[in-house]
Every structure is written in C-alpha cells, then in structure tokens.
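Colleague: Build the 3D model from these lines:
(chains A and B)
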Amino acid sequence: MVEFEVPEIDYDRYSNRQLAGPPLAVLGFALLVLVVYYLLHGTPVPLGFDFTGGTEMRIVADEGQSAIRSAFETPIDSIRPVQGSNEYIVTFLDEGSTSLQDLQATAEAAGFEVDRANTRSAAFGSTNQQNALLGLAVAFAGMSAFVFLIFRTFVPSIAVVISAFSDIVIPLAIMDLLALTGLFEINLSLGTIAALLMLIGYSVDSDILLNNHILRRRGEFYESTYNAMRTGVTMTLTSIVAMIVMTVVATLLSIPLLPDIGLILVFGLMADLMNTYMLNLSLLRWYKFEGVAR
Amino acid sequence: MISLRENWRIVMLVAFLLASAVALVGPIGGSDPGTQTDFVELSGEQQELTLDRSTIQLENTTLETTNESDTIVASNATIEVRGDITDRTDASARVTNGSITVADGTLVVPSNADISRTQGTVGIPNETTLRAENSQVTLAIERQADSGLTNLQYGFDLAGGTRIRAPLVGLHATDIDVGDNQSREVNAQIAEELGVEQIDIRVRQDTIEVFNDDVSRAEFASALQSAGYDVQAEDINNGVTSETRENVVEILQSKIDRTGLSGGTVTTVGDGLVVVEVPNAEPSEVRDTVSDRGVVRIVASVREPGSNTTTNTTVITGDDIANTGQIGPRENSQGEITGWEAPVTLNEQGAQQFQSQMNALNFTDARGIGNCDATGGADRAGSYCLVTTLDGEPVRYNGMGEDLAGGLRDGSWSDTPTFTIGASSAEQAQEVKISLEVGSLPTNLDLTGSEHDISYLQPSLAQEFKSLSLVTGLLAWFGVAGMVFLRYRKVRVAIPMIFTAVAEVFILLGFAAVSGLALDLSHIAGLIAVIGTGVDDLIIIADEILQQGEVATGRVFESRFRKAFWVIGAAAVTTIIAMSPLTILSVGDLFGFAIVTIVGVLIGVLITRPAYGDILRNLVLSEDQR
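Modeller: Modelled structure (predicted):
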C-alpha cells in the first residue's frame, strides 16, 4: 500500500522573499496572460455559449466533421467533437427561435440525430455575463470582509484575500493559455463560474486553518505550521482527487457541465496548495516574527 | 451503555437520515408525479395493445390526433371516431404520427367494454383493447407517471424536452394617479392615442401597462402625457408588472395542461423571465402555445350591397362566454364535413348585446341570413359574415343561420343563448375552445427580440445523464474514500468519515424531495462539491482530535472539538457568503447550484459534522473517560 504522509518542509531554509516570490511571479504572469488575451480577443477569457448567445446543437454524425460542414448553409461558428463518441457540438452565430427550428430541420434532413439544441439571444448572454461577474465580485468582497472581521489584523487577512484572488486568477489564465495554444478549449460557462465560486470557499478553508493554527494557538511556529499543513494538504488533495475523478468520469461518459467544473477546481486547488503554503505562509511568518515586533 | 443524552448529535443525525429516507421513497402528500407518455406502435405484428392499467388510468380516455388531417376514420369500423377529440383529462391516448386513416382497418373496442360516445369522445371505463387492423398507428398513451424510485423531481437537464425562457412583451409606468373608477376611460383613451386595441392596455391601481411590441417607450410616454399624466420616457419601465406576470404564468400553465403538452411547467425567474419547460415535446410544439395570446373574437363583417368597403364590428369576445362544449364537425346535408365548430353558451350580458347588435346590423332579416360572401367584389350583392378571429387572424367565415336568426329576431334566443363558433379545422376549433376556457393571455412571451433562450434536449439522453451522473458521483466518492483510507489507515476513523459525508448528501437529497426542487446537472455538481467540503471539514475534526497526543478526558475532547469547529464554522460562513449572490442575481441555472451548496453546508455544520465528533468520541474515549 502506498504511504501517504504529508511531508514536513524545512521552511527555515527559505527566506520570506524566496517563499513569496514564486507565487507572486505566477500571479503576475497569470494577470499578464489575461491582459494579453483581452487585447487579442476583447474579453479576458474565452466566453462560452452561455455568455455569447447564438445557437448550439449537439448532433450525432457518423460521417464526421466535413459532412456537418457541407450540410449547413448557415455559417458554422465552431464544431467540437464530443469525447468518445461520434457526436459533435456545432455552434452558429445565428440566434432565435426560427433559426433553431430551421437548423434542427436541416440537421434532421441531412440524417443527423439532434441530441440537444439551444438558442440564446446575445442580450440574454450579456445579462448572464454581467450578473455572473457581479456575483463573483460580491462573493469575493463578502468573503474578504468576513475574513477581516474574524482575524481583525491586516496582514493575515490580506494574505488570505490575496491567496484567494490568485486561486481564481490562475485557473482563468490556464483557460486562456489552453485557448491560445489551441490545445484544449474550456470556455467560461455557467459551470465554470460555479467552480470559481466554489474555489473561493475551498481556498479560504485551508487559509483559515493555517492562520488559525499559527495565530490563535500556543506552540512553536513551525510546529503549528506542520500541524496545519498535515490537515490542510490532506483536505486539498482529497478535493483534488474527487474533482479529477469527476472530470475524467464525466468526460468519458460525455456528461456536459461537470468536466468544466471539475477541471477549473483542479487547477484552482493546485494553485491553492502553492499560494497557501508559500505566499500565505511567508506573509504570516513575516507578521509573526517581524510585523508584530515592530 | 451509550447514553442518548450525551450522544444527542448522533441521535439527531439518525433522525434526519430517517426523515430523508421517508422524504425520498415514502408516500408524501401533494407530490404530483405528473403524467408520462408511452409510445406504442400498432402495426402488422403487434396489433393489439392491452391497456392493463386502464381500469383506473384510462377512465375518461380520449383519442386525439395532432396532425394536419385531424381524422381517425376507421371505415368498416365498429366505432367511427371522427375527428379531433382532445378534451384532455387525466389520461389520453394520442395518435401522433402523420395523417392517420385507419383505412381498411378497424379501431375496435371489445364488446365487453362499456362504450359511450358523446360528440366523438370514446370513453373506455374498463380494461380494454385497442386494435388497429391492417394499418399502422402510433399511440402515445399518457397516464399518471410512475413516480420513479424516489420522490425526486428532475429539471430540464435530467428530464429532457423543451425549455423556453423569455421575457413578456410589455412596458409599464408606475406611480400614476388614476382616479377611482376612471380606469375604463383611461384605458380607452390611451389605446386610442397609441392606436392599439384596448386589450393591449391594462390599468390597475397606480400602474398602466401596454402589451404591444410596436409601442416604444417614447410613444407610450407621450400617450400618457396626452392623457394628462406627467410621465417621461425614462420613467417607463421595460417588461410587465409582477401581477401580470403571475397572471400569464397561471393562464399559460392551464393552457399547456390542456394542449396535451404533458408534464409541462411554467415558472418565473428573476429579471422577469418566464420559463416554460415541457418534457417530451419539441420546440416547435411549444413555441406557438406560448407566443400566441389566444384572443378569440366573433366579428360581424358587413358589406352593404354595391359598396366597396367592409365594416367590421366585434360582436362576441371571450368575456361574453360563460362556458364551452365539445368541439365537433360541421356537416352538410350529404354528411360531408365542411368545417368544425365549438359550441359555446354566452352569459346574459353578452347574449343581450349580441342579440341587439345582430338585429341592428341587419343579420337577422332577409339581407343577412345565409348571405356570406367575403370574397365578392363591389358588383355583387351585400355580404353579412360572422368571422371567427384568433389573435386577429380570421380563421372562419360563416353566414347567419335561419334558425338562429329567427330566435334573435323575436328575442327568444337570449333565453338559451347557445352559439357555435366556426373553425376551418379541428385544430383551430380546439385552439378556440382552449383559449376560451383558460382565457386569453394578457401578453405573450417575447421570442423575437431581446433576451430569450430556447433549449431542446432529447429525453432519452437526459435519462442517460441521470444514471451517468450518479455513477460519476459514486466514483468521486470512492476517490475520496481511498484518500481518507490512505491518510488515516484506521478503519474506525475512516469508515465513519466517508459515511458521514454520504449522509450529508442523502439528507440533502431528502431536502430536495421535500422542497420539490427539480434536480439539474448543476445540482449534481453542487452535491459533489458538498461531498468535497464535507470531507474537508471531517478531516479537520479528525486531525484536531486525534493528532495532538492522547485524548485523556472528555473535557480535553470537548475543547479540541470546539477548536475544530471554529475553523469549520468560519469556512462554512465563507462558502455561504460566496454562494448567496447567486440566489438573488439571475444567472441562468446557477440558482439551484447555489441553493444546494448553501443547504448542504448548513446540513453539514448543524447536523452531520457535529455527529461525527460524537462518533469519534465514542471511538477514542473508553467508557469511564467520557
């Protein structure tokens, strides 16, 4: 049986600068990626059907992509194969109930089976987008206010808030990088928004745990850190495993929505491991040994 | 002996688990499983269909065709069912494929069945067999749905069908001081100003609404100004008032129930969107139902002899009608079907008005009787038609009948004011009938502009998602269990932990069953997320209690437990804060996800996680240490 024991890291060997540097560099790079993507495409992240509007159909086509292209006269925006099946998700920029009906009829006339079909006006998409962004912002602000309320000191609180911010930005930047390199496309959908909100919760979990052990308990700094890490790393790894399983299984079974949520959470939780035990920890150590002493 | 008082948290968990089990599988009142449709094809081999459940389910059975030619004709038949019999009651057998003529065949109801036929309805009160010989008929039998294994309801993602989300057509202005008993005059005045019909305006208390796509905010504001109200274009709100919206939802729901779109639901979500979900239906079937207002009118269309112009007067509106009867074919003397009709009875006021208008417009004398020629030119004699209009479109022209004219002339008709509304097809007649019964919609769903969204998902695929997402959840849970075992290596710590996590999901499902929450994929994601946070918190409890040296006494245990709870509580509040904006903002399907997560966290913090603490205490403390 595999040993699973959280390793004890000799933090003494690293200065605060050495610890905080890499996570901050990654955060900076992630923000840069978002800016670059914004300059290239007009949005900070690739937007999915939920936010853009248009018409989307999932069809069964044994003949493949070229057959789909030749079947429709309406310009096709994109065709994405569904993993592990002969199904494709085809999107069109046209929207409205009549185009849905026409496209569905065209698909059926060409011998494709239509599994699902959606049409959404661009206005609906942009309302969704605004509300989703607003929701995310309010959630983040609420979380920050709550963290400040329970710790009542600036440095430990801001450490939690920066970590959480970075945990959200890094998965978004990964989405951009994947889209820019054309490797794999995850678009911002309602599912990914849900995942980002979940990330706020997950991320703050381990941060609060660490802060709590270090600030509110007796005991030596490194001992408290190790105790918090043993619990926190186990928690995060367990969640990562659950999300990897969900992503892989849902992808294999071609269930929509779940893989998007899972993947974003996997990225975010991995970023959280780095942010909590490098960035947050170094800020706490600085606060405990130098900030308080001043 | 384990004391119940000390372990009340465990007792509470067990109580909740039992309650959830009852909620999930037990018979709970008020949960209506709706109807479900089974498609059965009757052809060559399989010519008999025994409706074994029919003793109960098929009482009031009706046959209905939903195609162009609305006739089921069984020529050498024991029973001739002619036409579209669509009085949908508890169950109906619906013939759905193409144009159906049971040509050489028979539609046989066995002789031992008690058959009654009233205006085309075949009532089959007992167990019975429908047989189509030498022909192919697909019957879609709707009956009370099997409620499934659980009382859980499934939403669009997991049930399939069609979902339409759209706002309602309309504008409204609030804070307008409409004098008492002035609303009729105000209504008429504003309709006149805007050049729209009076039914497009609604005046209620201090609010005036207009339901017409063509009226802009500026036009509405200037009409209100002309009527003497100080309203600017900026004061006009898009959309309709919540009263109107509720009204539309109510009417639309009964309309959908009667149209044979079984199991359809109509709800509203934030931002004033109306959501219509109909399992087992294609978008085209649902679209017309929600975008037509169903305004039925009988218009007297008069062209004087030699005149070029036609004068139209509305003589009967939906408000004049007290009740409607079964639709049926209209036959000529040779027994050929020339049209369809829906018999109605007018109310007293409507009857008086109709009677006097008919006499005044010369319908009841020699000029009017039987003299309907809508297409004729100016050189022809005059024309006196009663036109049935549906949403402003004429659907049928009929002349005044001899008998009716007589009754109207001498005034005896208004004692028994029955009238048959003409239609060209059975479908139209049915639409007229339903529109009259449920009332016309004050306004319709706006599927042409702004914000709408129409989705179709194949029901079989949705069914698949249901079981596949269960598999996904189970596997994720196994993954979590594996990690927990690897970390703790102690079965007595790990087993309660992973089962507590599952108990959380189980109670959450119980909550979903009780509250009638329709589960969607986003809820499934929420459930999996709850397993994640749940296990995280249990790990915090276990580590706090187990890893810091021996737990010597019950008091030490309590103190450690409290410390663990401080972290868990803080984390729970954060998650709730993060999710709460979604319960207010309308962001598509995320409402359900947020609710599931919040309730899940609450169940965890208040019920399951404390109980896990108690379980651990029992495991780590020997009896005298507690």
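Colleague: I'd assumed A:Thr74 was in a helix, is it?
Modeller: No. Applying DSSP: H, G, I helix; E, B strand; the rest coil, one finds A:Thr74 to be coil, outside a helix.
Colleague: For it, give me phi and psi.
Modeller: Dihedral pair for A:Thr74: phi -60, psi 130, per degrees, to the nearest 10.
Colleague: need the residues of the stretch 201-350 of chain B near chain A, please.
Modeller: Contact residues, the stretch 201-350 of chain B versus chain A (C-beta under 8 Å from any C-beta of the partner chain): B:Asp271, B:Glu282, B:Pro283, B:Ser284, B:Arg287. Glycine gets a C-beta too; all of them are placed from N, C-alpha and C.
Colleague: OK, contacts around the last one?
Modeller: Which is B:Arg287. Each residue near B:Arg287 by C-beta atoms under 8 Å, 6 or more residues apart in numbering or on different chains is listed here: A:Ser97, A:Gln101, B:Ile164, B:Leu447, B:Ile454.
Colleague: In CSV: the residues of the stretch 201-350 of chain B next to chain A, plus secondary structure.
Modeller: Shown next, in CSV, are these (three-state DSSP):
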residue, secondary structure
B:Asp271, helix
B:Glu282, coil
B:Pro283, helix
B:Ser284, helix
B:Arg287, helix
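Colleague: of the residues you listed, closest to B:Thr608?
Modeller: Taking C-beta to C-beta as the measure, B:Thr608 sits nearest to B:Asp271 out of those, at 35.2 Å.
Colleague: what's the pLDDT at the closest one?
Modeller: The model reports B:Asp271 with a pLDDT of 67.
Colleague: ok, now the one 4 residues further on?
Modeller: Per-residue confidence (pLDDT) for B:Val275: 83.
Colleague: helices or strands next to the host helix or strand of it in the packing?
Modeller: Using DSSP states H and E, B:Val275 sits in strand B:273-278. Counting contacts by 3 or more C-beta pairs under 8 Å, 6 or more residues apart in numbering or on different chains; DSSP states H and E, strand B:273-278 is packed against strand B:161-167, helix B:242-258, strand B:265-269, helix B:283-291.
Colleague: one more time with 6 Å, if that's ok
Modeller: Helices and strands touching strand B:273-278, as assessed by 3 or more C-beta pairs under 6 Å, 6 or more residues apart in numbering or on different chains; DSSP states H and E, comprise strand B:161-167, strand B:265-269.
Colleague: which of those strands has the lowest average pLDDT?
Modeller: strand B:265-269 - the lowest mean pLDDT of the helices and strands packed on strand B:273-278, at a mean of 78.
Colleague: Within the sheet, what are the partner strands of that strand, with directions?
Modeller: strand B:273-278 (antiparallel) (DSSP bridges).
Colleague: Just give me how far the partner strand sits from the chain centre.
Modeller: Relative to its chain's centre, strand B:273-278 lies at 7 Å (C-alpha atoms, centre = their mean, to the nearest Å).
Colleague: How many residues are close by B:Leu602?
Modeller: Neighbour count of B:Leu602, defined by other C-beta atoms under 10 Å in any protein chain shown: 15.
Colleague: Does chain A have contacts with the helix or strand where it lies?
Modeller: When secondary structure is defined by DSSP H and E, B:Leu602 falls within helix B:590-603. Yes. Helix B:590-603 is in contact with chain A by C-beta under 6 Å from any C-beta of the partner chain, via B:Leu590, B:Phe593.
Colleague: Just confirm yes or no for the helix or strand following that helix near chain A.
Modeller: Using DSSP H and E, the helix or strand that follows helix B:590-603 in sequence is helix B:609-620. No. Using C-beta under 6 Å from any C-beta, helix B:609-620 never reaches chain A; the gap is at least 13.2 Å.
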